[in-house]
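J.: Return a 3D structure for these sequence lines:
(one chain, ligands or ions: 1)
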Amino acid sequence: MPVAPRAVLRRDEQVDRLPERVDVLVIGGGITGVGVALDAASRGASVALVERGDLASGTSSRSSRLVHGGARYLATGDVAMVAEGVRERDRLRRMAPHLVLPLPFVIPTDSSLDLALLRVGMTVYDALAAGRGVAHHDRLDAAGVLAAAPGLARGLRRGGVRYWDCRTDDARLTLEVARAAIAEGAVVATHTEVVDLHRVSGRVVGAELRDVLTGATRTISARWTVSASGVWAGAVRQLDDPTSDELAVLPVRGVHLVFDRGELPINAAIVLPSAAGDGRRLFAIPWGEQVYVGTTDDLHDHGLDDPSLLPTDAAYVLEATNTAFGTDLTVSDAVGAWAGLRPLLAGGDGSTTSDLSRRHTIVEGPSGLVSITGGKLTTFRRMAADVVDRLARAEGWPRRSRTTRTALGSRGSVAEGRERLRGSEAAASAGLDPSLLGGLHHRHGDRAADVLAACVAHGELAPLVPGLPYLRGEARWAVRHELVGRLDDLLQRRLRVSTRHRQAGGAEAVAWCADLLAGELGWSDDRREAEIAHYLAAVRTERGVVPLPAGS
Ligand code: FAD
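T.: Got it, this is the predicted structure:
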């Protein structure tokens, strides 16, 4: 399948292209929905995906951003689930090498018994990768642990284990999969909500759509409607049958706090023990000049839209961080934060019945509405294949998924991609620092030279926000080629400004971006002002107890 580097991809154009009738209507533009759209389109189905917010604006931009087998689930004996995760991790590394990058993880411990158990677990983890894995684990002595985390507190420095998994940018991975689906013929309309489902003779045959930005409504007919609406699965199911309590989801909140790397100087991801005595472990993950630490696991009773960091969340993460690193960090030291929701399936009596978040569930209702929820970012491809296999059996489409070899924005190794970018005409005329070129490649894969050429052409090579690796021209590129419809789409998900910068970009950069979007998207002055206010409100919600300095 072509990577289609130059394809223009504007939100309005996708909305205009929405057909009246499709084989498959997908509700939800998180990683699961875009995965289903890609799988179905690549088997030849006509597909439309509608997302009421931005791509990945639900849980799929609020994860721990790991592409992993989940080694810790070995302790629960769920080897099959871990094996699937490892298999998909290694596939995704080949499909999107620029975006799914190996990362060493260090588990420090001062207990010999712990160390012995960890080594047994990690040997199994390595074996599950059957030689295709990132690299085998090894044992670290005190010097090795300190090299990975120089600030680690006494009691955690004696030794440990290093193993390998992958990190990604969850929102950009979702975007890449959406692009691949579009390249296969799907239409992906963001800021487009399903407000009702249409039924004929008891069967769902399509939906009523509302453009959230203009208020315009339209209908779409579909042979199949697939709800990939995450923690909103129950709400979408109720559009079909208001009396149904099937898929009533109880959300579980997980949060991350972001710090400057100078505060937590780590050279690998560090697996920290919780300081609450609950046996949980947290991750401290290096992210350029920042580090993020998470996560928590608490039942969320504050409504599903826009989860926020509560004081208890911050206290839990800070206590683990300060205990492990001997620091004295407070919420005011955090430069950003985010919270996400995992689905927990509720029983009809309001009890919790099972944790859907790691395993996925596919339910076909009596009306034919197919709902998929749970699972992981890592396993989205497998989940999508499971859904489309069902539809394919009924429709006579190819029975096997074709997505195992889909290129998601780059081909070949990271080294080759970077080399191509370095040797490009755009790089020669831009004259940028090599580290900035590396970052461009990680964000844009094989399109990086086109992005850079666009930055050169518009004279937009300056940093968008001082201290962050993004170029001004990447903002223009995002509007023209990455389906940006609102200011927060740009600053929260295409470029991760809101969580990496204490002032969430700062007044000057935010105004610059608002002017750019106003020009590109034809906004009035009022709309421009409303977009800035909307973005700052979204950042405040995203951060919860982590302050956004006045004047941002
Ligand atoms: P979502 O991303 O929530 O997408 C559902 C979409 O449906 C939303 O965007 C919503 O706006 C849309 N929608 C809802 N109703 C409508 C409607 N009526 N019309 C149109 N659109 C609608 N997995 C990993 O593999 N690795 C990790 O490191 C990892 N870390 C995690 C950490 C945390 C704290 C959490 C919460 C999860 C983590 N996960 C991780 C799991 C992973 O993030 C999720 O499994 C995945 O993002 C869920 O994607 P989704 O598409 O199913 O849901």
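J.: Following the chain past the helix or strand of the chain with the lowest mean pLDDT, name the next helix or strand.
T.: Taking mean pLDDT, DSSP states H and E as the measure, the chain has strand 352-355 as its least confident helix or strand, at a mean of 66. Using DSSP states H and E, the next helix or strand after strand 352-355 towards the C-terminus is strand 360-364.
J.: Buried residues in that next one, which are they?
T.: Counting neighbours by 16 or more other CB atoms under 10 Å, one finds that the buried residues in strand 360-364 are 360-362. In this view, the C-beta of every residue, glycine as well, is placed from N, C-alpha and C.
J.: Tell me the one of the residues you listed nearest residue 541?
T.: Distances from the buried residues of strand 360-364 to residue 541 were compared by CB to CB; the smallest belongs to residue 360, at 27.8 Å.
J.: Quick check: chain neighbours aside, which residue is closest to that closest one?
T.: The shortest distance from residue 360 to any non-neighbouring residue, by CB to CB, 6 or more residues apart in numbering, is to residue 375 (3.4 Å).
J.: Confirm that residue 146 sits in a helix.
T.: Yes - assessed by DSSP: H, G, I helix; E, B strand; the rest coil, residue 146 belongs to a helix.
J.: Next one: the closest residue to it other than its chain neighbours relative to the ligand, how far apart?
T.: Setting aside the residues directly before and after it, residue 146 is nearest to residue 157 in space (CB to CB, 6+ apart), at 5.9 Å. Here residue 157 is placed at a distance of 26 Å from the ligand (CB to the nearest ligand atom, to the nearest Å).
J.: I'd assumed residue 142 was in contact with residue 157.
T.: Yes - here residue 157 reaches residue 142: they are 5.4 Å apart, a contact under CB atoms under 8 Å.
J.: Settle it for me: which of the two has more neighbours?
T.: More neighbours surround residue 157 than the other of residue 157 and residue 142, with 18 against 14 (other CB atoms under 10 Å).
J.: Around the ligand, pick out the residues from this protein.
T.: Taking CB under 6 Å from any ligand atom as the criterion, the neighbours of the ligand within the chain are 27-33, 50-53, 57-60, 62-66, 193-194, 228-230, 232, 236, 254, 295, 340-342, 373, 375-378.
J.: If we ignore the residues flanking it in sequence, what's nearest residue 392?
T.: residue 399 (5.5 Å).
J.: tell me the SS of that neighbour?
T.: For residue 399, the assignment made with three-state DSSP gives coil.
J.: Tell me, how many residues neighbour it?
T.: Counted with other CB under 10 Å, residues neighbouring residue 399 total 10.
J.: Just list the residues touching it, thanks.
T.: Under the criterion of CB atoms under 8 Å, 6 or more residues apart in numbering, the neighbours of residue 399 are 389, 392-393.
J.: if we go to 10 Å?
T.: If you count contacts by CB atoms under 10 Å, 6 or more residues apart in numbering, residue 399 has them with 43, 388-389, 392-393.
J.: could those residues go into TSV alongside distance to residue 150 and secondary structure?
T.: Putting these into TSV (distance: CB to CB, whole Å; DSSP: H, G, I helix; E, B strand; the rest coil) gives the following:
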residue	distance to residue 150	secondary structure
43	51	coil
388	48	helix
389	49	helix
392	53	helix
393	56	helix
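J.: ok, and the most crowded of those residues?
T.: residue 388 (33 neighbours).
J.: What sits closest to that one if chain neighbours are left out?
T.: Nearest non-adjacent residue to residue 388, counting by CB to CB, 6+ apart: residue 39, 4.3 Å away.
J.: just the helices in the stretch 1-150 of the chain please.
T.: In order along the chain, the stretch 1-150 of the chain carries the following helices (DSSP state H, counting those that start in this stretch): 11-16, 31-42, 79-95, 112-128, 142-148.
J.: How about the stretch 351-500 of the chain?
T.: Taking DSSP H, counting those that start in this stretch to define them, one finds helices in the stretch 351-500 of the chain at 380-395, 414-422, 425-430, 434-444, 448-457, 472-481, 487-488, 497-500.
J.: Can you name the residues that contact whatever residue of the stretch 401-550 of the chain ends up closest to the ligand?
T.: For the stretch 401-550 of the chain and the ligand, the shortest gap (CB to the nearest ligand atom) falls at residue 493, measuring 10.6 Å. The contact partners of residue 493, taken as CB under 10 Å, 6+ apart, are 53-57, 60-61, 169-172, 174-175, 478, 482, 484.
J.: just the helices of the stretch 1-150 of the chain: most buried one?
T.: Sort these by mean neighbour count, taking mean count of other CB atoms under 10 Å, and helix 31-42 sits at the top with a mean of 31.
J.: quick revisit: now the helices of the stretch 1-150 of the chain as JSON lines including distance to residue 101?
T.: Formatted as JSON lines, the helices of the stretch 1-150 of the chain follow (distance: least, CB to CB, whole Å):
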{"stretch": "helix 11-16", "distance to residue 101": "28"}
{"stretch": "helix 31-42", "distance to residue 101": "17"}
{"stretch": "helix 79-95", "distance to residue 101": "8"}
{"stretch": "helix 112-128", "distance to residue 101": "18"}
{"stretch": "helix 142-148", "distance to residue 101": "17"}
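J.: can I get those in JSON lines with mean pLDDT?
T.: As requested, the helices of the stretch 1-150 of the chain are exported to JSON lines (pLDDT from 0 to 100):
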{"stretch": "helix 11-16", "mean pLDDT": "96"}
{"stretch": "helix 31-42", "mean pLDDT": "98"}
{"stretch": "helix 79-95", "mean pLDDT": "94"}
{"stretch": "helix 112-128", "mean pLDDT": "92"}
{"stretch": "helix 142-148", "mean pLDDT": "96"}
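J.: Residue 134: which of those is closest?
T.: Each of the helices of the stretch 1-150 of the chain was scored for nearness to residue 134 using CB to CB, and the closest is helix 79-95 (7.4 Å).
J.: Can you dump the C-alpha atoms of the closest one in PDB for me?
T.: Output in PDB follows, covering the C-alpha atoms of helix 79-95 (Å, rounded to 0.1, in the frame of the first residue of the first chain):
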ATOM      1  CA  VAL A  79       0.300 -15.800  29.100                       C
ATOM      2  CA  ALA A  80      -1.900 -15.900  26.000                       C
ATOM      3  CA  MET A  81      -2.700 -12.200  26.300                       C
ATOM      4  CA  VAL A  82       0.900 -11.300  26.900                       C
ATOM      5  CA  ALA A  83       2.000 -13.400  23.900                       C
ATOM      6  CA  GLU A  84      -0.600 -11.500  21.700                       C
ATOM      7  CA  GLY A  85       0.700  -8.200  22.900                       C
ATOM      8  CA  VAL A  86       4.300  -9.100  22.200                       C
ATOM      9  CA  ARG A  87       3.400 -10.400  18.700                       C
ATOM     10  CA  GLU A  88       1.500  -7.200  17.900                       C
ATOM     11  CA  ARG A  89       4.300  -5.000  19.400                       C
ATOM     12  CA  ASP A  90       6.800  -6.600  17.000                       C
ATOM     13  CA  ARG A  91       4.400  -6.300  14.000                       C
ATOM     14  CA  LEU A  92       3.800  -2.600  14.800                       C
ATOM     15  CA  ARG A  93       7.600  -2.000  15.000                       C
ATOM     16  CA  ARG A  94       7.800  -3.100  11.400                       C
ATOM     17  CA  MET A  95       4.600  -1.300  10.300                       C
END
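J.: now the angle between helix 380-395 and that helix, please.
T.: Between helix 79-95 and helix 380-395, the angle formed by their directions is 100 degrees, by axes from the mean of the first three to the mean of the last three CA atoms, to 10 degrees.
J.: coming back round to it: does the nearest residue to the residue of the stretch 401-550 of the chain closest to the ligand once chain neighbours are set aside sit in a helix or strand, and which one?
T.: Spatial nearest neighbour of residue 493, chain neighbours left out: residue 171 (4.0 Å); criterion: CB to CB, 6+ apart. Taking DSSP H and E as the criterion, the element that holds residue 171 is helix 170-183.
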